[in-house]
Every structure is written in C-alpha cells, then in structure tokens.
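S.K.: generate a structure from the sequence data that follows.
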Amino acid sequence: MPAEEVGERGSGSVLAVAVVAAVLLLFFLLLPVATVLSVQQLAAAAADAAALAAADVAVGIRSGSPCAEASAVAVANTTRLDGCLVDDTTATVRVTAPVLGFRVSARATAGRPPGDSAVPTGHTGGTG
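M.R.: Alright, predicted model coming up:
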C-alpha cells in the first residue's frame, strides 16, 4: 500500500462526524426559532378567536360581557388576555403566550365594518 493512502485512512469517518455535528448544530439553533414562530401563530389565532367572541357579544349575537367572553376564549386557547377594548360594535384584544421563558403577543380586531348598518337577525334583504 502506498504511503499516501495510509495517511488518509479514516479521513472519511472524520468528515462524516463533522457533517453530522454541523447538521445537529443547525438543528439545535433553529429549534428555538421554530418554536417561537409556532407559538406566535398560536397567539395570533387565539387573538382572532377572542376578538370575534368579544365582537359577537358587542353586536348582540351573544349575551354577556365582551371582555369576559374574550378572556374565556383566550384561556381556552392557552393564552392570556392582556387587553380588551370595546368601541360600540368593534372589539380589539391583545393576548400573550409563554414560550421559552418569555412571552409573545398578538393583537386582533373584530366587529362590523365602519358604516355597516345593522341587519336584524332572520332578514336576508330579499322580498320572499
């Protein structure tokens, strides 16, 4: 066996270990980022649902307190209601969710569009 080949024996194993280590390092660096992004989406969905629930109460579709309903929906979505503002038939909420030792937040607004006139329940606007 030539001397050049003997000195390179096992170098493929070292290269394979280096590639595996680089992939694992990349995975462990990206895992927290993916976790935070996932919880951010969860918080955004919870804020949307809480705002819609509060707007339903504000509009009169459901009875109760808009902010209490928003809080119940936020808790059901594993978040916490941090702010609730109801202006006529529009509700704006802010929720937070814990992730990796800190909190991410999301805000959502729901209600009737500006200038939209109320249509009584059961009326479709048709002549029939």
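S.K.: give me the longest helix you can find in the protein.
M.R.: Looking across the chain with DSSP state H, the single longest helix is helix 11-59.
S.K.: and the next helix or strand past that helix?
M.R.: Where DSSP states H and E defines the elements, the next helix or strand beyond helix 11-59 is helix 66-76.
S.K.: which of the residues in that next one are buried?
M.R.: By 16 or more other CB atoms under 10 Å, the buried positions in helix 66-76 come out as Pro66, Cys67, Glu69, Ala70, Ser71, Val73, Ala74. No exception for glycine: its C-beta is placed from N, CA and C like everyone else's.
S.K.: and of the residues you listed, the nearest to Glu8?
M.R.: Distance to Glu8 across these (CB to CB) is lowest for Ala74, with 61.7 Å.
S.K.: isn't the closest one right next to Gly83, touching?
M.R.: No - if you go by CB atoms under 8 Å, Ala74 and Gly83 don't touch, sitting 10.6 Å apart.
S.K.: give me the common contacts of the two.
M.R.: Listed as contacting both Ala74 and Gly83 by CB atoms under 8 Å, 6 or more residues apart in numbering are Val93.
S.K.: now the buried residues of helix 66-76 as CSV including distance to Leu29?
M.R.: Formatted as CSV, these follow (distance: CB to CB, whole Å):
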residue, distance to Leu29
Pro66, 42
Cys67, 40
Glu69, 41
Ala70, 36
Ser71, 36
Val73, 35
Ala74, 31
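S.K.: remind me which residues of this protein are low pLDDT?
M.R.: Residue ranges of the chain with pLDDT under 70: 1-7, 116-128.
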